[in-house]
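[1] Fold the following for me, if possible:
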Amino acid sequence: MQDRLEKTIRQYSPMVYRLACARAGNRQDADEIYQEVFLRYIRKQPAFQNETHEKAWFLKVTANCANSLWRSARKWHTEPLPEDLLLETPEEIDLSHALGKLPPAYREVIHLFYYEELSTREIGQILHRRTSTVRTQLTRARAILKKYLKEEYDEF
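    Coordinates of the predicted model:
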């Protein structure tokens, strides 16, 4: 039993933490979200139909924990993520900086779509949004990112 819990936590840790960072925008809140997700997993030990169901559960719980944090009074203090966090190239640093400027809802859909490779329908289910809303947010987020990245490259 303990081995199964540890294996699952190791498997989903990077995904949960990346989404928590994308949603929270700072390390302290991302750490809090991450811990809450795995505490819920350990306490409930849910049974999953398959790996897709398991992955969806972790993404949905991460999104819900992030939403709860946003509603809490504690959320009003923030600190930006360091630009060198898990990044290797200048392009990744520029992209991370641009992503950090996006509103949280846009960062979240960008992360789920591009990093977790979920469809807009799956993202809508996880975030409790209509598929059309997710598509609109992706379109707007891409336009904003394009503008931010163009501004950064125009400076050179």
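
[2] which secondary structure element contains the nearest residue to residue 101 once chain neighbours are set aside?
    The shortest distance from residue 101 to any non-neighbouring residue, by CB to CB, 6 or more residues apart in numbering, is to residue 148 (5.8 Å). C-beta: built from backbone N, CA, C; applies to glycine. Per DSSP states H and E: residue 148 is located in helix 131-154.

[3] mind checking the end-to-end distance for stretch 42-49?
    Counting by CA to CA, to the nearest Å, you get 17 Å between the two ends of stretch 42-49.

[4] Now do that stretch: everything it contacts.
    Residues outside stretch 42-49 that contact it (CB atoms under 8 Å, 6 or more residues apart in numbering): 5, 54, 57.

[5] Same question for stretch 107-127.
    Contacts for stretch 107-127 (CB under 8 Å, 6+ apart): 15, 18-19, 22-23, 25, 56, 59-60, 63, 66, 99-100, 102, 129-131, 133-135, 137-138, 141-142, 145.

[6] Emit the ChimeraX select command for whichever of the residues you listed are buried.
    Filtering the contacts of stretch 107-127 down to the buried ones (16 or more other CB atoms under 10 Å) takes a single ChimeraX command:
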select :15,18,19,22,23,25,56,59,60,63,66,99,100,102,129,133,134,135,137,138,141,145
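
[7] can I see the domain layout of the chain?
    1-81, 86-156 (automatic domain parsing).

[8] from the contacts of stretch 42-49, which would you call buried?
    Among the contacts of stretch 42-49, those classed as buried by 16+ other CB under 10 Å are 54, 57.

[9] In helices, which of the contacts of stretch 42-49 fall?
    Per DSSP state H, helices hold the following members of the contacts of stretch 42-49: 5, 54, 57.
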